[in-house]
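Enquirer: here are the coordinates; sequence isn't available:
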């Protein structure tokens, strides 16, 4: 199954909506979308994972790389609305300690500091 990544029109936080499976074949799609968002000025990125059906270790690597890239700019990565299976993978890997996990996009935006 493919992965679609749809960016929001707002800059910070940028919301990227994920639909499909995040695996070895599709993680470059996410990495490219995150890199573009950062190049366009995003400091904080919210990944709306409501439509994410699967995430393997390469997906986790994409999340970890985003945490590092955003952290170097003082920003955060937030995973919003992740299905139980995706949350479990984040917990088992320990990556849930490095990023924020929110119930939904509104909760994610509320948990990030306001930008001036």
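Expert: In hand now; what should we look at? All values reported here derive from a predicted model rather than from experimental measurement.
Enquirer: quick check: which helices or strands does the helix or strand hosting residue 86 pack against?
Expert: In this structure, residue 86 sits in helix 84-93 according to DSSP states H and E. Counting contacts by 3 or more C-beta pairs under 8 Å, 6 or more residues apart in numbering; DSSP states H and E, helix 84-93 is packed against strand 45-55, helix 57-71. C-beta coordinates here come from the backbone N, C-alpha and C atoms, glycine included.
Enquirer: now do it, average pLDDT.
Expert: On average, the pLDDT along helix 84-93 is 95.
Enquirer: ok, residues contacting that helix?
Expert: Helix 84-93 is contacted from outside by 49, 52, 54-55, 57, 60, 63, 79, 82, 96, 99, 101, using C-beta atoms under 8 Å, 6 or more residues apart in numbering.
Enquirer: same list, the residues you listed, but as JSON lines with neighbour count please.
Expert: Below are those laid out as JSON lines (neighbours: other C-beta atoms under 10 Å):
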{"residue": "49", "neighbour count": "26"}
{"residue": "52", "neighbour count": "23"}
{"residue": "54", "neighbour count": "16"}
{"residue": "55", "neighbour count": "29"}
{"residue": "57", "neighbour count": "12"}
{"residue": "60", "neighbour count": "19"}
{"residue": "63", "neighbour count": "27"}
{"residue": "79", "neighbour count": "24"}
{"residue": "82", "neighbour count": "22"}
{"residue": "96", "neighbour count": "17"}
{"residue": "99", "neighbour count": "20"}
{"residue": "101", "neighbour count": "19"}
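Enquirer: in a markdown table, list these along with distance to residue 41.
Expert: Listed next are those as a markdown table, based on distance: C-beta to C-beta, whole Å:
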| residue | distance to residue 41 |
| --- | --- |
| 49 | 23 |
| 52 | 25 |
| 54 | 31 |
| 55 | 27 |
| 57 | 30 |
| 60 | 26 |
| 63 | 21 |
| 79 | 21 |
| 82 | 25 |
| 96 | 27 |
| 99 | 20 |
| 101 | 24 |
